[in-house]
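1. coords please:
(chains A and B)
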Amino acid sequence: MAEHERLVVSTAYRLLGRMEDAQDAAQEVFLRLLKNMERIEGDPKPWLYRVTVNICNDHYRRRSFSAPPNEQRLLEAADPAPTAERMIAMDDRKRLLMEGLQTLPERERAAVVLRDIEGLSTRQVAEILGVEEATVRSQISVARVKLAKYVRNRQ
Amino acid sequence: MTCQECELALAGEELSQSVDRHLAECLQCREFARDLQENFEVFAEFGREAFGIEKTPAVSIGVPRPEAVRWQWAAAAAVAAMLALALGLRTLSPHTPIAQNVPAPVTQIAAVEAPSSQIRPVAAPVKRRAPRPPQKRAEPKILQIKMLTDDPDVVIYWQIEN
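-> Prediction:
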């Protein structure tokens, strides 16, 4: 269960950029899981990813775009690195990447979070998002380019 | 190969000789490749970070396995059936007292006429009635059984009128 918790909360956090929203989304996911427990057969991970992405997309659409992600929260995720300089650079990159993720279109954001952060295969991402593998590959490439440019332009 | 094509190829992890040739000539794309690599490292770190859900009463994280849920429902149904059977048998039992239709005894009152000479107008003493205690209505007894399940949204109530 702890593994599922991590999966849902971390995915929601990367998709929404705010821990409060991620917690709300995660609670919604687990309530749906409770209601649909009988229907889920086998590994519940694909179902959890799919529902998490859908709920986060709904949250994202509902919430005000004017409010920027809480930077302090973004920095909380940072782990200590060996050197101070490296730590600062990594924290900066983490913060910018989290910000950058929020600028991506819904599908690209979901694809890059599932593929690069959650480490799923392109095939799994395609199944979760209900699209072709080629579409996922294209979305991920475009999203990575956008993110790299977002970080570079702000460093 | 243009820089845009090279960037997309690098982002899509589609390495080829033409990409290598372009990288050898283009400083900007080499920097882009380094940025991509660093982003991958950060993403990998993101994936290793531990997150937990804040537990609230609305969510029970200890989600039972489907088999456990099915078994518990079966057990609850069996208990409910046994209770219903026991209560049904109790209701139909011959020991249960049955109200008999016996006519109530009639009280006979003798009408006696008082002598008229003895009748004097006397102010009747005002008697205050003591307030009567509230009478209980003869309501049927209702036995209520509340059965809790693992699902906080599901509570089974049995109401039996006796």
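
2. contacts only, for B:Leu23.
-> Neighbouring residues of B:Leu23 by Cβ atoms under 8 Å, 6 or more residues apart in numbering or on different chains: B:6, B:29-30, B:33. Yep, even glycine has a C-beta here, placed from its N, CA and C like the rest.

3. that one and chain A, how far apart?
-> According to Cβ to the nearest Cβ, to the nearest Å, B:Leu23 and chain A sit 15 Å apart.

4. sec struct for that residue, please.
-> The three-state label given to B:Leu23 by DSSP: H, G, I helix; E, B strand; the rest coil is helix.

5. can you tell me the element residue 151 falls in?
-> Just going to use chain A. Element membership for A:Val151 (DSSP states H and E) is helix A:133-154.

6. switch to chain B, please.
-> If you go by DSSP H and E, B:Asp151 is not part of any helix or strand.

7. the residue lying closest to it once chain neighbours are set aside - how many residues pack around it?
-> Spatial nearest neighbour of B:Asp151, excluding adjacent residues (Cβ to Cβ, 6 or more residues apart in numbering or on different chains): A:Leu34 at 7.1 Å. Neighbour count of A:Leu34, defined by other Cβ atoms under 10 Å in any protein chain shown: 18.

8. in what helix or strand does A:Leu34 lie?
-> Applying DSSP H and E as the criterion places A:Leu34 in helix A:19-36.

9. quick check: mean pLDDT of that helix?
-> Confidence over helix A:19-36, taken as the mean pLDDT, stands at 88.

10. can you check stretch B:80-91 too?
-> What stretch B:80-91 shows for mean pLDDT is 80.

11. pull the CA coordinates from that stretch and hand them back as PDB.
-> Provided in PDB are the C-alpha atoms of stretch B:80-91 (Å, rounded to 0.1, in the frame of the first residue of the first chain):
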ATOM      1  CA  ALA B  80     -27.800 -11.300   9.100                       C
ATOM      2  CA  ALA B  81     -29.600 -14.400   7.800                       C
ATOM      3  CA  MET B  82     -29.100 -16.200  11.100                       C
ATOM      4  CA  LEU B  83     -30.400 -13.200  13.000                       C
ATOM      5  CA  ALA B  84     -33.500 -13.000  10.800                       C
ATOM      6  CA  LEU B  85     -34.100 -16.700  11.200                       C
ATOM      7  CA  ALA B  86     -33.800 -16.500  15.000                       C
ATOM      8  CA  LEU B  87     -36.100 -13.600  15.300                       C
ATOM      9  CA  GLY B  88     -38.600 -15.200  12.900                       C
ATOM     10  CA  LEU B  89     -38.700 -18.400  15.000                       C
ATOM     11  CA  ARG B  90     -39.100 -16.400  18.200                       C
ATOM     12  CA  THR B  91     -42.100 -14.600  16.700                       C
END
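
12. for it, buried residues please.
-> Neighbour counts over stretch B:80-91 (16 or more other Cβ atoms under 10 Å in any protein chain shown) mark no residue as buried.

13. I figured A:Ala110 hits A:Gly130, correct?
-> No - taking Cβ atoms under 8 Å as the definition, A:Ala110 is not a contact partner of A:Gly130, at 10.8 Å.

14. looking at the two, which is more packed in?
-> Using other Cβ under 10 Å, the more surrounded residue of A:Ala110 and A:Gly130 is A:Ala110, with 27 against 9.

15. from chain B, how far off is the more buried one?
-> 14 Å.

16. wait, is B:Ile156 part of a helix?
-> No - assessed with three-state DSSP, B:Ile156 is strand; it does not lie in a helix.

17. how about it: which residues does it bridge to?
-> Assessed by DSSP bridges, B:Ile156 has beta-bridge partners B:Met147.

18. burial check on it, number of neighbours?
-> For B:Ile156, the neighbour count with other Cβ under 10 Å is 13.
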